[in-house]
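> Everything below, folded, please.
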Amino acid sequence: MTTTTLAALVPLLPFLGATAGLLLGRTVPGFVRPLAVLPPLVSLVLAALVAVHQAGGQAVDGHTELTPTGSVPIELSLHIDGFAALVAVLVAFVASCVQIYSTGYLRDDPRYPSYAALVSLFTSAMLLVVYSGDLIVLLVGWEVMGICSYFLVGHYWETPEARAASLKAFLVTKLGDVPFLIGLFALATDAGSFRITRVLGAVATGNLHHPTVIALLLLAGVAGKSAQFPLHTWLPDAMAGPTPVSALIHAATMVAAGVYFVARLLPVFEASQAAMLVLAVMAAVTMTGSGLAALAQDDIKRVLAYSTIGQLGYMTGALAVGDRGAAVFHLLSHGAFKALLFLAAGVIIHAAGTNSLAAMSRMHGLRDRIPDAYWTMTVALLALAAIPPFSGFFSKESVLGAAEHAAHGHTVHVPGAAGWIVLVAGLVTALLTAAYATRLWLLAFRGRGAEAPDHGRQPLTMTVVLWVLAVPSLAFGGLAYRSLPGWFDGQDLTPALLTSILGTGLAVVGGLLTYGAWQRTTALAARAPLGAVAAHPEGDAGLVEAEAIATHEPAYGDIAYAPDPADPGRLLLGPLHRHAAAGFHLDAVYTALFVRPVQAGASLVRFLDREVVDTYVSGAAALPRLLGAAVRRAQTGNVQTYVSALLAGTVVLAVAVVLVATGA
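Alright, predicted model coming up:
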């Protein structure tokens, strides 16, 4: 079997599994779990074989014309270089872990068959994006992921939070996809083809005539898909979906698609220094803003959501300084430990007896009850904080090293300002990341909240997956930074001494500051009883509004809710805490700028339709109705009346004739 055939089967198998799951899920429930787990596992094996055959050497290409267009052809093609081969392995690996984990996490969910099928379709769409050599085929996978995210985020559609979050995710990403689509057509028009290899060839020969416009249009779609400022607001709300879905979206699909797209077409963006500078600013704002917001969140999944936004900012920052090797290295490393973080959070939520979300201020005594989640999440948080020798250290330092290199003007096609912007923001974010990672660990496992009822041991499928993901979270970076350059254009990924010292030092400072703040707030809280934190009567923590947390207002109807006074985030952020907890009110800004004007316009259209258009239509019908009424009144059925009217008419006509004749 050829490499192209193996590669074609990698996205095809999850698609077939999704189709079979949707068709047989209700009628033959015994096949649901095998159809969910086996296709991604086989795809993982095949993706690994493709990676072994490709081995970082010559790209594997295969194509056939999909449909004649009369101008720019659309082709069903594969283009598998070292980046694509390794990212496909990551996608299949995380998807397999999520499907196995979900068999335990959602074992009693009546909608599990449709959920499992959608996860398989989601996986297939991302693999199509990774392997595709044609931009239109890539766009198909890109949009299928958007549809799948809409349904999966809204899995708990009974709750208003899930319905609103799914709609918001769909609309915000579509807002970016409109200019993205225009940019793809403009790019293909300049290059004369949708084939990625021909597009890159056109860039290399200088035949791309509008690089800045094209790059900025494409960046709008990337910002929406990869949750970068200013289109990142959908991702924290998407935590209303099942936790395994969050792991899949954050670690290996959807949000990774935007970063991967820029990495694959980086020469297009490098053709415009203005676009690279915009990308650097977008990355810097995303990194620092998400770090501050994560430090103020109470829900554990929202902390991790803002963490994902920040880590994606590191990846786009690496792309902004022209190092796609560092970007994809961090993408691979982040995929492992972020999947572990979300799935460990799922164990915490499961142990707390909630449905989807869990407030850290309500946690107590979880360390001893869920030791597997405790130890594996500790590993993942250390990787997130980039503490050596965990994987996040090596991949994050490759980004900082690339930024330092560009800041000194050593990178072609990249302005030095972009390097400095990414470097400074990356160092600040290193401190913030360690701070909110330490805060999460302290509140989740050493918090003073009300102890939740014990819901028994976690399913074995959940705990085994945690330990499987803990291995790459611990060891991947140290093993990969020497071997990956052969797959990534030969660019060195060895951590630089200066940025390693600065980044690690700031991470240690951030962790120590948070621990010191936690000790101080704990001592102060011990002098006064903890505020009333009642358990929800239905055992569902729901979605705690950030404003309610900040103002100590009830967030569960008549259930009093008071945040843990030992929260170090309040002490560290001070007056900024309230704004950071609300995402710096960006949703309120969008409501004022976009939502309310659209609603006002809709109200105006409704008024004009009701008062003007309906009035005109009613008036047009009123005149014939009045004439008909007059004619109907004349039809009395009395013969004498008809004869009298006839005689009167005759007299009138005779008089008229006489008058006309006399006048003549």
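> so who does the closest residue to Gln297 other than its chain neighbours touch?
The shortest distance from Gln297 to any residue other than its chain neighbours is 4.6 Å, reached at Val303 (CB to CB, 6 or more residues apart in numbering). No exception for glycine: its C-beta is placed from N, CA and C like everyone else's. With CB atoms under 8 Å, 6 or more residues apart in numbering as the criterion, the residues that contact Val303 are 294, 297, 360, 436, 440.
> Ok, Ala36 next?
Contacts of Ala36 (CB under 8 Å, 6+ apart): 17, 21, 99, 102-103, 116-117, 119-120.
> Point out where this protein drops to low pLDDT.
In the predicted model of the chain, residues 69, 353-358, 365, 448-456, 528-565, 664 satisfy pLDDT under 70.
> okay if I get the contacts of Val303 as CSV plus distance to Ala352 and secondary structure?
What follows is these, written out as CSV (distance: CB to CB, whole Å; DSSP: H, G, I helix; E, B strand; the rest coil):
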residue, distance to Ala352, secondary structure
Ala294, 20, helix
Gln297, 17, coil
Met360, 10, helix
Tyr436, 20, helix
Leu440, 15, helix
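> from the residues you listed, which single one is nearest His585?
Gln297 (14.6 Å; CB to CB).
> was I right about the closest one contacting Ala581?
Yes: between Gln297 and Ala581 there is a contact under CB atoms under 8 Å: 6.5 Å.
> these two touch, right, Asp298 and Tyr436?
No: using CB under 8 Å, Asp298 makes no contact with Tyr436, being 11.8 Å away.
> okay, those two: which has more neighbours?
Tyr436 (30 against 26; other CB atoms under 10 Å).
> Now do the contacts for that one.
Listed by CB under 8 Å, 6+ apart, the contact partners of Tyr436 are 291, 294-295, 303, 306-307, 514, 569.
> Select from the residues you listed the one having the most neighbours.
Tallying neighbours with other CB under 10 Å puts Leu295 at the head of the contacts of Tyr436, with 29 neighbours.
> Look up phi and psi at that residue.
Backbone torsions for Leu295, taken as degrees, to the nearest 10, come to phi -70, psi -10.
> surely it meets Thr433?
No: look at Leu295 against Thr433 with CB under 8 Å: they stay out of range, at 9.5 Å.
> neighbours around Leu38, how many?
14.
> repeat for Gly486
Around Gly486 there are 12 residues (other CB under 10 Å).
> show me what contacts it?
Gly486 touches 56, 82, counting by CB under 8 Å, 6+ apart.
> Tell me how far it lies from Asp177.
35 Å (CB to CB, to the nearest Å).
> swap in Ala47?
Applying CB to CB to Ala47 and Asp177 gives a distance of 27 Å.
> swap in Gly154?
Counting by CB to CB, the gap from Gly154 to Asp177 is 19 Å.
> Next: Leu46.
In terms of CB to CB, Leu46 sits 30 Å off from Asp177.
> Same check on Pro160?
For Pro160, the distance to Asp177 - CB to CB - is 26 Å.
> who's more crowded, those two?
Using other CB under 10 Å, the more surrounded residue of Pro160 and Asp177 is Asp177, with 19 against 11.
> Can you verify my assumption that the more buried one contacts Val222?
No: at 10.2 Å, Asp177 and Val222 do not qualify as touching, with contact defined as CB under 8 Å.
> ok so, going back, just send the contacts of Val303 back as a markdown table, with distance to Val255 too.
Listed next are those as a markdown table, based on distance: CB to CB, whole Å:
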| residue | distance to Val255 |
| --- | --- |
| Ala294 | 15 |
| Gln297 | 18 |
| Met360 | 23 |
| Tyr436 | 18 |
| Leu440 | 20 |
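> Make a markdown table from the contacts of Tyr436 and add distance to Ala252 and secondary structure to it.
Converted to a markdown table, the contacts of Tyr436 look like this (distance: CB to CB, whole Å; three-state DSSP):
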| residue | distance to Ala252 | secondary structure |
| --- | --- | --- |
| Gly291 | 22 | helix |
| Ala294 | 21 | helix |
| Leu295 | 26 | coil |
| Val303 | 20 | helix |
| Tyr306 | 19 | helix |
| Ser307 | 16 | helix |
| Thr514 | 29 | helix |
| Gly569 | 29 | helix |
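> Which one of the residues you listed is nearest to Val639?
Nearest member of those to Val639, counting by CB to CB, is Tyr306, at 90.6 Å.
> mind listing what the closest one touches?
Contacts of Tyr306 by CB under 8 Å, 6+ apart are 236, 290-291, 293-294, 297, 436.
> just Gly649 next, same as before
Here Gly649 is in contact with no residue (CB under 8 Å, 6+ apart).
> how much space between it and Leu343?
Distance from Gly649 to Leu343, by CB to CB: 94 Å.
> Same question for Ala263.
Between Ala263 and Leu343 the computed distance is 26 Å (CB to CB).
> more neighbours, the two?
Leu343 (31 against 24).
> wait, that one sits on Tyr101?
Yes: with contact defined as CB under 8 Å, Leu343 reaches Tyr101; the gap is 5.5 Å.
> overlap in contacts of those two?
The contact lists of Leu343 and Tyr101 share 244, 247, 462, 465, where a contact means CB under 8 Å, 6+ apart.
> which ones are touching the second one?
So that's Ala247. 94, 97-98, 101, 338-339, 342-343, 346.
> for those, which one is nearest Thr5?
Val94 (24.2 Å).
> Disregarding flanking residues, what is the spatial nearest neighbour of the closest one?
Sequence neighbours aside, Ala252 is the residue nearest to Val94 in space, at 3.8 Å (criterion: CB to CB, 6+ apart).
> what's the first-to-last distance across stretch 54-74?
25 Å (CA to CA, to the nearest Å).
> ok, residues contacting it?
Contacting residues not belonging to stretch 54-74 are listed as 3-4, 7-8, 50, 53, 75-82, 85, 133-134, 136-137, 188-189, 192-195, 197, 486-488 [CB under 8 Å, 6+ apart].
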